[in-house]
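Peer 1: coordinates for the following, if possible.
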Amino acid sequence: MIDPTRIWSLSQLPTLPAVVVRLLEMSRDAETEIRDVIELIKSDPALSAKIVKAANSTYFGIKSEVKAIDRAVPLLGTTVTTSLALSFSLNESAMSRGPLASHYQDYWRQSIVQASAAEMLGLRIAPVLAPEFFLCGLLQDLGRLAMLKTIPQEYLPVLEKAKADGTPLHEVEKRALGFDHIEIGANLMEHWKLPDALIDAVRLHHASLDALLAERGSPQFPLSAATAVSACVGDYFCTPAKGLALERLRALAAQCFQFSSEQVEEFLVKCDERIEHAADLFQVDVTDLGDPADLMVQANEQLAQLAMREHVASTQANLRQQEAEKERKELESRNRELQRQALHDPLTQVYNRQFFDETLEREASRCRRSAAALGVLFIDIDHFKSVNDTYGHQFGDQVLKQVSQAIQSAIRASDVLARYGGEEFVVLASQPTEKGIEKLAERIRERVAQETFHSADQLVKVTCSIGGAIAIPARNDDQIGQELVAAADECLYEAKRAGRNRVCSRSLVRDADRQLMQLMTIHRFSRWLVSQQLLDVPTVSRALIESTTPHARIGELAVEQGYLTAEQVTQILHEQERTGERFGAIAVRLGHLTQDQLVHVLTLQQENPKQLAGLLIQRGLMPPDKALAALEQYLRTEAPPRPARVPAGCG
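Peer 2: All right, here's what the predicted structure looks like:
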């Protein structure tokens with residue numbers, strides 16, 4: 001990257017003749033008289049001759065011949081005279097016969113086009129200020145001239161790339177050099193002490209439409225807008241990117257000057273005429289700019305091509321996005337299938353042992369925290385080796401699949417079935433009771449025994465033996481999962497020794513926990529609905545299968561029910577850290593909860609009566625008014641009363 005400050009230190013930087021510098025100073029002085037301007041210009045005979053010649057040109061349309069500077073200056077005015085002096089000075093700086101001559105000519109030709117377009121807008125907006133508009137259009141690309149003179153070797157590739165790619169010059173400059181001709185030109189104009197309004201307009205001539213419109217309220221907006229429009233006209237006439245220039249021109253002209261598309265085309269035709277007069281004035285060859293009608297055809301063709309490219313690019317992008325979305329879905333599907341394969345037995349499609357072990361560990365941890373029951377069933381197909389040996393492994397595989405399907409149909413949706421290995425299956429029972437796990441095991445045994453198995457035309461009798469175990473783990477019982485599996489396995493072998501096709505179960509539940517669990521079962525809203533003969537057991541069971549109660553801590557539920565305060569919960573937790581006892585046991589021991597209150601809170605933790613009532617209504621199992629009335633009666637009659645609280649500050 002080039003340091004832009006390097007440009008200011010080079011001797012090739014464009015400089016203004018002393019007469020032009022003095023003219024600019026006088027133009028800023030309100031006390032300047034016209035005779036002082038005349039005397040100053042007379043001091044430069046060459047400049048005087050050029051201004052007199054300009055006064056007689058068709059550009060200004062003065063009817064009578066002007067023979068001397070004394071008459072030319074009053075007719076043209078000091079502003080026009082100063083603009084001409086500065087323009088002639090720049091024209092001289094832009095004349096080059098070396099290897100960069102064509103780039104100097106391109107610069108000056110585009111500057112004349114832009115000056116003519118800006119002046120045309122000035123005549124439309126504020127005729128008195130038209131010379132300032134002309135000068136601003138002329139100066140907006142001043143930075144190009146400065147860089148051609150100071151860093152030609154670095155700048156030439158930039159100009160050629162912008163021309164070849166059809167990319168806006170200032171964008172290529174910024175990428176290649178780190179700065180652009182806008183920045184350089186504005187700084188040079190500041191160095192020459194030109195008016196701030198001109199400098200601000202030059203800074204904005206390639207700004208976005210939104211940035212330009214943000215200046216709409218300022219007095220300088222008309223000049224800035226006209227300069228930006230003239231930049232589009234310059235690109236339209238002088239660069240290959242005619243389509244983009246026309247598109248920006250239409251947008252700017254519509255927003256800033258309310259031009260219609262037809263008015264834009266008329267404006268371009270008038271600009272073409274004005275450009276010819278200005279070219280004569282400054283002796284610039286503009287014959288290769290092209291006819292306005294031809295230019296419009298070229299620009300519209302480019303816009304059509306750009307629209308087509310954008311459409312193709314958009315279509316390709318959509319196709320790529322669709323393909324990416326398809327690949328994403330396929331990847332997700334493959335991942336799900338891999339995950340399913342990792343967690344499922346490939347033959348029976350039920351869960352595998354790895355999934356069971358992980359789920360058992362997770363459920364054991366939950367039950368330790370919430371003092372919930374945990375139950376396991378071990379299921380073994382009777383005489384499976386004999387079946388395999390007699391009827392073949394293919395029939396054996398069919399037996400395994402049918403048995404797994406029979407077990408799956410007998411358990412609840414919340415229970416987990418897995419193939420433990422060989423002909424052994426295991427079930428992790430959800431929220432079991434001692435009687436419930438026995439009933440579940442018996443239901444599975446009967447379902448398998450009722451299944452029909454055919455090998456060719458022969459009916460084969462298949463049964464299973466089941467061992468079960470249930471426990472309520474203590475808070476620090478980290479081995480409960482393994483203990484349950486071992487107990488269920490022992491019960492399975494007891495069932496086999498007792499003759500097979502039978503169930504044997506064992507309870508590891510302590511007496512105190514058993515009593516508490518029985519009280520919770522009796523206290524459940526579902527059981528209460530059956531006892532009140534409001535629903536039958538099958539109907540309640542259908543609702544319970546779909547009911548999932550989010551886990552909540554006992555302390556939170558007790559506070560919610562008004563049985564405990566936050567301070568009491570904190571006290572119980574501190575005691576729990578010290579002794580390792582369960583939260584409920586400590587609360588009862590300390591006298592913060594009664595046994596009935598503890599049972600109610602634990603029941604709420606296992607089964608939310610409000611959620612169950614809502615599910616009964618949602619599934620059409622109970623009329624809304626009846627369900628809500630039942631819920632209200634249950635909470636009123638079955639929920640223990642809240643303790644009386646002594647107001648703070650009372651003795």
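Peer 1: quick one, helices of the stretch 101-250 of the chain?
Peer 2: Listed in chain order, the helices found in the stretch 101-250 of the chain under DSSP state H, counting those that start in this stretch are 101-125, 130-139, 142-150, 152-165, 169-177, 181-191, 196-203, 209-213, 221-238, 242-257.
Peer 1: repeat for the stretch 451-600 of the chain
Peer 2: With DSSP H, counting those that start in this stretch as the criterion, the stretch 451-600 of the chain has helices at 480-497, 511-523, 525-531, 537-546, 554-560, 566-579, 583-589, 595-606.
Peer 1: can you check the stretch 301-450 of the chain too?
Peer 2: Assigned by DSSP H, counting those that start in this stretch, the stretch 301-450 of the chain shows helices spanning 353-370, 384-391, 393-410, 434-450.
Peer 1: check which residues of the third one are buried.
Peer 2: In this case it means helix 393-410. 395-396, 398-400, 402-408, 410 (16 or more other CB atoms under 10 Å). For the C-beta atoms, the positions are set from N, CA and C on the backbone; glycine is no exception.
Peer 1: for residue 531, state which of those residues is nearest.
Peer 2: Using CB to CB, residue 410 comes nearest to residue 531 of those, at 26.5 Å.
Peer 1: quick one: contacts for residue 188?
Peer 2: By CB atoms under 8 Å, 6 or more residues apart in numbering, the contact set of residue 188 is 13-14, 142-143, 146.
Peer 1: mind telling me which of the helices of the stretch 451-600 of the chain the model trusts least?
Peer 2: Mean pLDDT across these is lowest at helix 537-546; the value there is a mean of 79.
Peer 1: gap between stretch 124-131 and the chain center?
Peer 2: Its chain's C-alpha centre lies 49 Å from the corresponding centre of stretch 124-131 when counted by CA atoms, centre = their mean, to the nearest Å.
Peer 1: ditto for stretch 355-367
Peer 2: Taking CA atoms, centre = their mean, one finds stretch 355-367 lying 37 Å from the centre of the chain it belongs to.
Peer 1: quick one, which of the helices of the stretch 301-450 of the chain gets closest to residue 200.
Peer 2: Nearest to residue 200 among those is helix 353-370 (69.3 Å), distances taken as CB to CB.
Peer 1: only alpha carbons, please: show that closest one as PDB.
Peer 2: Extracted in PDB, the C-alpha atoms of helix 353-370 (Å, rounded to 0.1, in the frame of the first residue of the first chain):
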ATOM      1  CA  ARG A 353     -27.400 -53.000  26.300                       C
ATOM      2  CA  GLN A 354     -25.300 -49.900  26.000                       C
ATOM      3  CA  PHE A 355     -28.400 -47.700  25.900                       C
ATOM      4  CA  PHE A 356     -30.000 -49.600  28.800                       C
ATOM      5  CA  ASP A 357     -26.900 -49.200  31.000                       C
ATOM      6  CA  GLU A 358     -26.800 -45.500  30.300                       C
ATOM      7  CA  THR A 359     -30.500 -45.000  30.900                       C
ATOM      8  CA  LEU A 360     -30.300 -47.100  34.100                       C
ATOM      9  CA  GLU A 361     -27.500 -44.900  35.500                       C
ATOM     10  CA  ARG A 362     -29.400 -41.800  34.600                       C
ATOM     11  CA  GLU A 363     -32.700 -43.000  36.200                       C
ATOM     12  CA  ALA A 364     -30.900 -44.200  39.300                       C
ATOM     13  CA  SER A 365     -29.400 -40.800  39.800                       C
ATOM     14  CA  ARG A 366     -32.800 -39.200  39.400                       C
ATOM     15  CA  CYS A 367     -34.400 -41.600  41.800                       C
ATOM     16  CA  ARG A 368     -31.700 -41.000  44.400                       C
ATOM     17  CA  ARG A 369     -32.500 -37.300  44.300                       C
ATOM     18  CA  SER A 370     -36.300 -37.600  44.400                       C
END
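Peer 1: packing partners for that helix?
Peer 2: The helices and strands touching helix 353-370, judged by 3 or more CB pairs under 8 Å, 6 or more residues apart in numbering; DSSP states H and E, are helix 292-343, strand 374-381, strand 416-421, strand 424-429, helix 480-497.
Peer 1: go with 7 Å
Peer 2: For helix 353-370, the contact count by 3 or more CB pairs under 7 Å, 6 or more residues apart in numbering; DSSP states H and E identifies strand 374-381, strand 416-421, strand 424-429, helix 480-497 as packing neighbours.
Peer 1: flag every buried residue along that helix.
Peer 2: 355-357, 359-360, 363-364, 367-368, 370.
Peer 1: next one: stretch 192-209
Peer 2: 192, 194-195, 197-207.
Peer 1: closest to residue 94 among these?
Peer 2: residue 192 (15.9 Å).
Peer 1: mind putting the buried residues of helix 393-410 into JSON lines with pLDDT and distance to residue 85?
Peer 2: Output for those, formatted as JSON lines (pLDDT from 0 to 100; distance: CB to CB, whole Å):
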{"residue": "395", "pLDDT": "92", "distance to residue 85": "110"}
{"residue": "396", "pLDDT": "92", "distance to residue 85": "108"}
{"residue": "398", "pLDDT": "94", "distance to residue 85": "106"}
{"residue": "399", "pLDDT": "94", "distance to residue 85": "108"}
{"residue": "400", "pLDDT": "95", "distance to residue 85": "104"}
{"residue": "402", "pLDDT": "94", "distance to residue 85": "105"}
{"residue": "403", "pLDDT": "95", "distance to residue 85": "106"}
{"residue": "404", "pLDDT": "95", "distance to residue 85": "101"}
{"residue": "405", "pLDDT": "95", "distance to residue 85": "101"}
{"residue": "406", "pLDDT": "95", "distance to residue 85": "106"}
{"residue": "407", "pLDDT": "95", "distance to residue 85": "103"}
{"residue": "408", "pLDDT": "94", "distance to residue 85": "99"}
{"residue": "410", "pLDDT": "93", "distance to residue 85": "105"}
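Peer 1: I'd like those residues laid out as JSON lines, including distance to residue 374.
Peer 2: JSON lines is the format used below for the buried residues of helix 393-410 (distance: CB to CB, whole Å):
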{"residue": "395", "distance to residue 374": "36"}
{"residue": "396", "distance to residue 374": "32"}
{"residue": "398", "distance to residue 374": "33"}
{"residue": "399", "distance to residue 374": "30"}
{"residue": "400", "distance to residue 374": "27"}
{"residue": "402", "distance to residue 374": "29"}
{"residue": "403", "distance to residue 374": "24"}
{"residue": "404", "distance to residue 374": "23"}
{"residue": "405", "distance to residue 374": "26"}
{"residue": "406", "distance to residue 374": "24"}
{"residue": "407", "distance to residue 374": "19"}
{"residue": "408", "distance to residue 374": "21"}
{"residue": "410", "distance to residue 374": "20"}
